[in-house]
Structures are given as structure tokens and as C-alpha cells.
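1. A structural model of the following input is requested.
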Amino acid sequence: MERRIMKEEKVTKNILDWLELNGWTIICYDFPQSGTGVLLHLNNNNRTEKNKGGIIPDIIAVKNNRALFFENKDRFYEPDFDKLNEIKMESNYSDSLDQLLNGHNISDIYYGIGLPESKKEIDKSKQHLEKVDFLISTNKKKEVTIHYDVNGIFANA
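-> Numbers count the residues shown, from 1 in each chain. Model (predicted):
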């Protein structure tokens, strides 16, 4: 069994630093089990439970009328690819996202995954690229590698 290369919290911290270094403004972020992130609610005014169906993105960042929505993990995790694809295709959290991004004049939101640098985990992830807009990884040296960027979001990064 492969040892975990990097904890999810470290992946998130490295990506946050890299985004800021490249001119992105961090709107919100969350570390695993911290409960410090922003809870996004489903577009449903008839919710019976306050937080039912809510999600907390790991990072939301903005730059040049674009927003990034990150889910980060310490390994490949297919349900996150499925979740991001559903959010993107069904716009089922658009009301909460619009409220969170109000004032930033966002024209596009891109959804992607951040992972530790691991060939095995990245190779697994690459089998699900049709569900996301980007896939990036980071290592212990805080370097970030862009593995997939269908919209050229990081072209100048």
C-alpha cells in the first residue's frame, strides 16, 4: 500500500500559496475537518433542513472575471470528480455561488481537483478528466504542476 505523500491540508496550503503568487484572490478556503469554509446550499427554497445537501469547497479563487472551484484530496477520489461535474452541469449551487461571488463580476466558473504529486493518483485521475476543467498537483517543495487545463485558465501561471 502506497504511503500518503501529502495530507489534504498541505495540498490546499500549497495551492493557496501558488494561486496568490499568480495573482488570484482567495474568496474562501477550507481545511479538512476544520469547518472554517463557506457552506454552499442547494438551489431549493423548500429545504427542510438548514445544511442538508450543503457543500464546502476547498478553495474558491477569482482573477480576471474568472472563478476557480477546487476540491483537493490526498489521493484520487472519484466521488469528487462526480460532484464537481454535477455542480457544473446542473448549476445546482448557482444561487449560493452567485451570492458568494457577488461584486467580483464573474463570467465563468471552472471546477477542478488538486492532488499531491503522485503518478499513480494522477494517472487514475486522468481517466476522469471529462468531468472537470482542470487537474493540478503539488509536491513537498510547494511546486505546482498543471496536468489538465481544458480552458487555458492557467496559461500565464
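2. CA only for contacts and neighbour counts going forward, please
-> OK.
3. Look up which helix or strand the residue positioned nearest the centre of the chain falls in, please.
-> Central residue of the chain (C-alpha atoms, centre = their mean): residue 70, 0.5 Å from the mean position. Using DSSP states H and E, residue 70 sits in strand 66-72.
4. With residue 15 instead?
-> Residue-wise, residue 15 maps onto helix 8-21 under DSSP H and E.
5. same thing with residue 95?
-> Going by DSSP H and E, residue 95 is in helix 94-100.
6. If you count neighbours, what's buried in whatever helix or strand comes next after that helix?
-> Following helix 94-100 in sequence order, the next helix or strand is strand 108-116 (DSSP H and E). Within strand 108-116, the residues scored as buried using 16 or more other C-alpha atoms under 10 Å are 109, 110, 111, 112, 113, 114, 115, 116.
7. Check stretch 70-89 too.
-> Within stretch 70-89, the residues scored as buried using 16+ other C-alpha under 10 Å are 70-77, 80-81, 83-85, 88.
8. Restricted to strands, list the residues you listed.
-> Counting by DSSP state E, the part of the buried residues of stretch 70-89 found in strands is 70, 71, 72.
9. now those residues as JSON lines including pLDDT and distance to residue 153?
-> Output for those, formatted as JSON lines (pLDDT from 0 to 100; distance: C-alpha to C-alpha, whole Å):
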{"residue": "70", "pLDDT": "97", "distance to residue 153": "13"}
{"residue": "71", "pLDDT": "96", "distance to residue 153": "16"}
{"residue": "72", "pLDDT": "96", "distance to residue 153": "18"}
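10. That concludes my questions; thank you for your assistance.
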